[in-house]
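Asker: here is a sequence together with a model predicted from it:
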Amino acid sequence: MSLADLIIAHHLLARLQPDELDELEDLLERAPLPAPRDCRVPLRELHREVAAHYGEKCRAAQELEALIP
């Protein structure tokens, strides 16, 4: 997040009412967190499992294959 993004986010949050902040907190607790930069997803293994279950021609298998270096 850039400094400009952080300032905008702070400005927006400062204008929210307490009940709106509670709703935002609930939403953020349910939102998936981004993976850390050093996180490695075993793409080859995931691709093999998807392809074995759904076939090599399925869209998910093809997209996973495209991500594998």
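Answerer: Happy to help now that I have it.
Asker: domain ranges for the chain?
Answerer: Split into domains by automatic domain parsing, the chain comes to 1-30, 41-69.
Asker: and these as CSV, adding mean neighbour count and mean pLDDT?
Answerer: Any C-beta I mention is one placed from the backbone N, CA and C, and that applies to glycine too. Putting the domains of the chain into CSV (neighbours: other Cβ atoms under 10 Å; pLDDT from 0 to 100) gives the following:
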stretch, mean neighbour count, mean pLDDT
domain 1-30, 9, 78
domain 41-69, 12, 85
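Asker: dump the residue contacts of Ala51.
Answerer: Contacts for Ala51 (Cβ atoms under 8 Å, 6 or more residues apart in numbering) come out as Cys58, Ala61.
Asker: same check on Ile68?
Answerer: Per Cβ under 8 Å, 6+ apart, neighbours of Ile68: Leu43, Arg44, His47.
Asker: and the second one, how close does it get to Gln62?
Answerer: Between Arg44 and Gln62 the distance, using Cβ to Cβ, to the nearest Å, works out to 14 Å.
Asker: same check on the last one?
Answerer: When distance is defined by Cβ to Cβ, His47 is 9 Å away from Gln62.
Asker: what sits in contact with each of these two?
Answerer: In contact with both His47 and Gln62: no residue, using Cβ under 8 Å, 6+ apart.
Asker: which SS class is Glu56?
Answerer: coil (DSSP: H, G, I helix; E, B strand; the rest coil).
Asker: so what's it up against?
Answerer: Gln62.
Asker: quick one: it and Glu49, what's the gap?
Answerer: Glu56 sits 12 Å away from Glu49, going by Cβ to Cβ.
Asker: next: Asp38.
Answerer: On the measure of Cβ to Cβ, Asp38 and Glu49 end up 23 Å apart.
Asker: got the phi and psi for Glu56?
Answerer: Note on Glu56: backbone dihedrals following degrees, to the nearest 10 are phi -60, psi -30.
Asker: so what does Leu16 look like in phi/psi?
Answerer: Per degrees, to the nearest 10, the backbone of Leu16 is at phi -80, psi 150.
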